[in-house]
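Enquirer: Quick one, what's the 3D model for this:
(one chain, ligands or ions: 2)
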Amino acid sequence: MTIQKVMVVGAGQMGSGIAQVIAQAGFEVKLNDMKQEFFERGLRVIAKNLTRDVEKGRKTEEEKEAILNRITMSLDLKDAFDADLIIEAATENMDIKQTIFKELDAIAPKHAIFATNTSSLPITEIAAVTERPEKVIGMHFMNPVPVMKLVEIIRGLATADEVYKTVEQMTHQLGKTPVEVNDFPGFISNRILLPMINEAVYALYEGVATKEAIDDVMKLGMNHPMGPLTLADFIGLDTCLYIMEILHEGLGDSKYRPCPLLRKYVAAGWLGRKTGRGFYVYED
Ligand SMILES: CC(=O)CC(=O)SCCNC(=O)CCNC(=O)[C@H](O)C(C)(C)COP(=O)(O)OP(=O)(O)OC[C@H]1O[C@@H](n2cnc3c(N)ncnc32)[C@H](O)[C@@H]1OP(=O)(O)O
Ligand SMILES: NC(=O)C1=CN([C@@H]2O[C@H](COP(=O)(O)OP(=O)(O)OC[C@H]3O[C@@H](n4cnc5c(N)ncnc54)[C@H](OP(=O)(O)O)[C@@H]3O)[C@@H](O)[C@H]2O)C=CC1
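Expert: Ligands and ions are numbered 1, 2, ... in the order given. Down below sits the predicted model:
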């Protein structure tokens, strides 16, 4: 199957990055969110990234404009009427994702593939609310999307081989490297990454060291580009907590219990970079 028209649902940090790489690869993309201001916030981030590319001589001003012109605003899921591929990148919450997919199922063409960028939720359970579970698949991009090479592709129980192949090919067209993973909580990436981040939060909670010291140990000692607490702020503490809860519930092992300090920060609305405060404070 050939993909021509794409829709991305959710214009947050992941949705805007996904829309950017899709438009960069020459596809038309509708970027959907619930309010115009969320779309505009997403588009501002994309424009900023592209301006940096122009300043660094990687793109011309004309290329930047052409990419931006391929991204159109959508505030209504009905705009999915002509989509070949829909990539959902809304908030990490099963109810939200199932509601979106159910609604899209009644709107999108019968051939359309539904991909979800979920970090941890079961693809099979999301697919089950649609009449097309064979066309539902996980397409898990990494943050920041324009930079990171990996896309985990997750088959649900019913995902058709043809759908897998189309999404794999699309991933190559976006300049990314696909890795196939089966449908288990947190897949590979977050099953391994998030317990490390959660352990770093426990180390802070128990007073083992300061946040700076914890991050320095992992940066300088293990050559991680960011310390785990900085990375948690970058991902979003709400998303980190959701993922730990899914691992805990889905795998049934107490080693995945979320640290109470992580819960406390999320309850306070300290969600990391996106709200200006998490483990660290951000002025920009
Ligand atoms: C939660 C999930 O479900 C899964 C996940 O995504 S988990 C998160 C996975 N991501 C990570 O682990 C990221 C870890 N951090 C890093 O790799 C690096 O710190 C980083 C790439 C984010 C920044 O790299 P850095 O060397 O510290 O900073 P910097 O020099 O400013 O940036 C490096 C390049 O990335 C680009 N970049 C940095 N942040 C960017 C962003 N948010 N958007 C777009 N481009 C960005 C910069 O423009 C720069 O590009 P050039 O060198 O080509 O000019
Ligand atoms: N952050 C990360 O590092 C990564 C996250 N992911 C996954 O990507 C998804 C998005 O995460 P992220 O971009 O970080 O989150 P953000 O909070 O930045 O963005 C989510 C966006 O979705 C919007 N949204 C919520 N409900 C709907 C809806 N019903 N219809 C349309 N848009 C909606 C939100 O609007 P509002 O602001 O009003 O709530 C927000 O703009 C999650 O599933 C997450 O697990 C995957 C890989 C990495």
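Enquirer: mind listing the helices for the stretch 101-250 of the chain?
Expert: 123-127, 161-173, 189-205, 211-222, 228-235, 237-251 (DSSP state H, counting those that start in this stretch).
Enquirer: Looking at those, which one is packed in the most?
Expert: helix 228-235 (a mean of 24; mean count of other C-beta atoms under 10 Å). Backbone N, C-alpha and C define where each C-beta goes, glycine included.
Enquirer: Mind exporting the C-alpha coordinates of that one to PDB?
Expert: This file holds the C-alpha atoms of helix 228-235, laid out as PDB (Å, rounded to 0.1, in the frame of the first residue of the first chain):
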ATOM      1  CA  PRO A 228      18.200  10.300  34.400                       C
ATOM      2  CA  LEU A 229      16.500  13.100  36.300                       C
ATOM      3  CA  THR A 230      17.200  15.600  33.400                       C
ATOM      4  CA  LEU A 231      15.900  13.000  31.000                       C
ATOM      5  CA  ALA A 232      12.700  12.500  33.100                       C
ATOM      6  CA  ASP A 233      12.100  16.200  33.000                       C
ATOM      7  CA  PHE A 234      12.600  16.100  29.200                       C
ATOM      8  CA  ILE A 235      10.200  13.200  28.700                       C
END
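Enquirer: other SSEs contacting it?
Expert: For helix 228-235, the helices and strands in contact under the criterion 3 or more C-beta pairs under 8 Å, 6 or more residues apart in numbering; DSSP states H and E are helix 189-205, helix 211-222.
Enquirer: Can you say which of those helices is nearest to ligand 2?
Expert: Of all the helices and strands packed on helix 228-235, helix 189-205 sits nearest to ligand 2, with 8.1 Å by C-beta to the nearest ligand atom.
Enquirer: residues in contact with stretch 29-41?
Expert: Applying C-beta atoms under 8 Å, 6 or more residues apart in numbering, the contact partners of stretch 29-41 are 5-12, 15-16, 19, 22-23, 42-43, 70-77, 79-80, 83.
Enquirer: wait, I meant stretch 160-173
Expert: Residues contacting stretch 160-173 (C-beta under 8 Å, 6+ apart): 1, 3, 25, 85, 113, 115, 134-135, 137, 139, 151, 153, 155, 177-178, 180.
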